[in-house]
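Peer 1: Next comes the sequence, and after it the predicted model I'd like to discuss.
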Amino acid sequence: MNEIALAVQNVAVAYGEKPVVTDVNMEFPAHQITALIGASGSGKSTLLRSLNRMNDEIATVTGQINFHGVDINRPETNVYRVRQQIGMVFQQPTPFPMSIYENVIYGLRLRGEKDRTVLDQRVEASLKQAALWEEVKDRLQTSAQALSGGQQQRLCIARTLATQPEIILMDEPTSALDPISTNQIEATLAQLKEQFTIIIVTHNMQQASRISDWTAYFEQGKLVEFKPTDQLFMNPSEQRTADYLSGKFG
Amino acid sequence: MQKAEKQDRLATGLILGLAGIAALIVISLVAYLLITGLPHVSWHFLTSSASAFTSGGGIFDQLFNSFYLVILTLAVAVPLALGAAIYLSEYAPQNGWTNALRLAIEVLSSLPSIVIGLFGYLVFVLRWGLDFSLLAGALALTIINLPLLTRACETALQQVPALQRQAGLGLGMPKWQVTLKIVLPQALPGILTGAILSAGRIFGEAAALIYTAGQSTVNVDYTNWNPFAPTSFLNPMRPAETLAVHIWKVNTEGLIPDAAAVSSGAAAVLILTILIFNLSARGLGNYLARRLRK
Amino acid sequence: MENWHTYLTGASKERQQERRGRWLTSLALLVIGALVVTILLFLIAKGVRLFTTGEGKLTEFFFSPTWAPGAGVFGAAPMIVTSLIVTVVAGLIGLPFALAVALAVTEILPPVAKKLLQPVIELLVGIPSVVYGLVGLTVIVPAVRQLVGGTGFGLVAAVGVLYLMIMPTMTSMAIEALQAVPKQQRQASAGLGATRWQTIHRVVLPAARGGILTAMIFGMARAFGEALAVQMVIGNAAIMPTSLQSSAATLTSVLTTGMGNTIMGTAANDALWALALVLLAMSLLFNLGMRLVTKKG
């Protein structure tokens, strides 16, 4: 088994009194793509958002989330540094109302990077990694909001890459996009895992089987099964997983 | 014809009739103000000082005081209102304290301006020893405008999509930076519109000023740019009669023989200025919103 | 990264910024809150002095028809009654007109009428009250003098000025209330064969009742608190009004003229602050009324 990027122990999440995720234990392997699948309301997105503390002020998260041996689910954690190390890409593309260039270096600028050559290099590298460079290299100073939906989402990926996190969390990143853009992003992800650990929530089983190395199946807030993707899809050990994969929702 | 249809015609006629009368009253009101006022508005009227006993005086000092008061008031009120709005929109927890503070703002919005003026008189003018001054007036007007400005700012902030905030937080930015760098620029058109509309109200306010900024104007030197010099036009510690107060004053206690002409001219100037404020609020809001989207 | 624990739990610029931002903005809100409390406390403290010093008595203040501060008689009833009369009458006359305009633009006339009227209403809402007072002085007072005789100054003129002043506000709020009624409800009613008036009468008006009532209370609250426009035309005689033509004085007009002519700390001055407290309490009552109406919907 690979090195572990993030380990989750006894994690439970509740919105007020209502539990949404209960008692999840799992370890996310480094430099792999892990897919979280399950019906809507199964708690997969809620768990994902807990991993970099995006649920602060929204939900109560209990249990341990270990990152480099540090439990980051504690009050004294510096959540800003956690999020700088564990970035997130959302369901809807969210370019800021500024140029493509400024969008990509946004995180860096706020951390005080001023050296123009560093910034230029990082923009080019990040956009190349996100497979957007060729399409936008001649109009870096134009508004990001004029890009197509698929381009915007790749820009948001580039914006996260530019801050050089270790782990990237993706919350159904292609669900708002057309099939062509979806293909482009899936191709991008395969390249990215050499450098990053990727955890992706998807409602699309085919997508999970196409792109991920590991897959976790969630049902009603519980982790049902977590295996290498091909094993889970070919040979699920739980009946519930098999039912979900074959379209029989339980 | 059926009864229902007859009724319908009758009611429609009645509604349109009443509405027509209201529209007629309103149109003749505005027309009257402009027709009686505009002929008195001349370059001389706008640029010369008011006279105490003789006719032929202008409104220059009052006009300047009104604009200066708008600037002074907004300089205090906007940061305060914006700060409160940011807290309410971005930070405030859902609890009793927040609700109490919201209630306080609403209570403030329901107080008549004369009451605020009297409070200003009591506290700023007498207790703090500011005397009748532009500063005391600006503080009173700040109180009056805080509720509406806070609401306008909060609404503008709330209209920025939550996704934008999420994206910022996801990059590891603290909420404060997300607010300043991402939310605030997008809320700016709404905030500016609110500020300009407030400016219009400050410009026309009189009741809160007669006991704070005062009802008289001292001779000031428009070439002295040192705001600490007693005779400087920029000195915020001098008493200052505004245009709206002037209209009230010449009609109630004035001694000038051409009070009617001066006040109708001043009223026309007041209305036109507020019209410009309204139009520019709309225009600027639209322009900035368009630029932001580009 | 050498020491992950220090890195992930340590202090950083971001934490500091966040603390400062939260502190700064909560301070702004607290300043406003403290301001409101201070205003209320000051006005209450000043307002009750007349009674705590024994110069005035509560029963006399609320029920005596004589306001003679010079003689030590402080009956505020004339002003309270006058304020209520001008407010209620202006509100009652204003409402049908405001409602008619609102119904005309939202239910009857083509949308272009609303487009044309909206900026006009906005302008009228923004016209300062002294300008309405000026119109009262130059148009309404002479007209009243012509029609009913007397000086022209008095209740009628004050009602006229307040009516002009609050109608635009009431209209614009009534339009909002009517527009908040969903289109589908009108279509459903029309689809059942109802005439326009039946739809207005049975569907639109009941649904918008809360909003329309709020508009009326809001307008009346403005009228009640208006000082200068009223003071310019009402004649300023602090006596119990006997007819609609008679000169009178409202709480606000007495405050406007009196505050500069009395000396702080004297009973005559304390009596004015007591009037201010009544004004404050009434404004809060209007606000409470609006909240109740809005809550009921």
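Peer 2: That came through, no problem.

Peer 1: On the C-terminal side of the least confident helix or strand in chain A by mean pLDDT, identify the next helix or strand.
Peer 2: Of all helical and strand segments in chain A, the minimum by mean pLDDT, DSSP states H and E falls on helix A:106-110, at a mean of 86. Downstream of helix A:106-110, the next assigned helix or strand under DSSP states H and E is helix A:116-129.

Peer 1: name the helices or strands packed onto that next one?
Peer 2: Judged by 3 or more CB pairs under 8 Å, 6 or more residues apart in numbering or on different chains; DSSP states H and E, the packing partners of helix A:116-129 are helix A:100-104, helix A:106-110, helix A:133-136, helix A:149-162, helix A:179-192. Heads up, the C-betas are built off the backbone N, CA and C, glycines and all.

Peer 1: nearest to C:W23, of those helices?
Peer 2: Nearest to C:W23, of all the helices and strands packed on helix A:116-129, is helix A:106-110, at 20.1 Å by CB to CB.

Peer 1: pull the CA atoms of that closest one into CSV?
Peer 2: What follows is helix A:106-110, C-alpha atoms only, in CSV (Å, rounded to 0.1, in the frame of the first residue of the first chain):
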residue,chain,number,x,y,z
TYR,A,106,-4.7,35.2,-6.5
GLY,A,107,-3.7,32.9,-3.6
LEU,A,108,0.0,33.7,-4.2
ARG,A,109,-0.4,37.4,-4.2
LEU,A,110,-2.3,37.3,-0.9
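
Peer 1: I'd like to know if that helix reaches chain C anywhere along the stretch.
Peer 2: No. Applying CB under 8 Å from any CB of the partner chain, one finds helix A:106-110 separated from chain C by no less than 8.7 Å.

Peer 1: How many neighbouring residues does the closest residue to B:P39 other than its chain neighbours have?
Peer 2: Spatially, and ignoring its direct neighbours in sequence, B:P39 is nearest to B:G265 (8.0 Å; CB to CB, 6 or more residues apart in numbering or on different chains). Here the number of neighbours of B:G265 (other CB atoms under 10 Å in any protein chain shown) works out to 23.

Peer 1: B:G57 is in contact with B:G265, correct?
Peer 2: No. Look at B:G265 against B:G57 with CB atoms under 8 Å: they stay out of range, at 10.3 Å.

Peer 1: The least confident helix or strand of chain A packs against which elements?
Peer 2: Judged by 3+ CB pairs under 8 Å, 6+ apart, helix A:106-110 is in contact with helix A:116-129, helix A:149-162.

Peer 1: roughly how far is that helix from the heart of the chain?
Peer 2: 20 Å (CA atoms, centre = their mean, to the nearest Å).

Peer 1: before we move on, the earlier item: roughly how far does the residue nearest to B:P39 sit from chain A?
Peer 2: With distances taken as CB to the nearest CB, to the nearest Å, B:G265 is found 45 Å from chain A.

Peer 1: what's the answer for B:L46, then?
Peer 2: B:L46 sits at a distance of 41 Å from chain A (criterion: CB to the nearest CB).

Peer 1: Name the SS class of A:F28, please.
Peer 2: When classified by DSSP: H, G, I helix; E, B strand; the rest coil, A:F28 comes out as strand.
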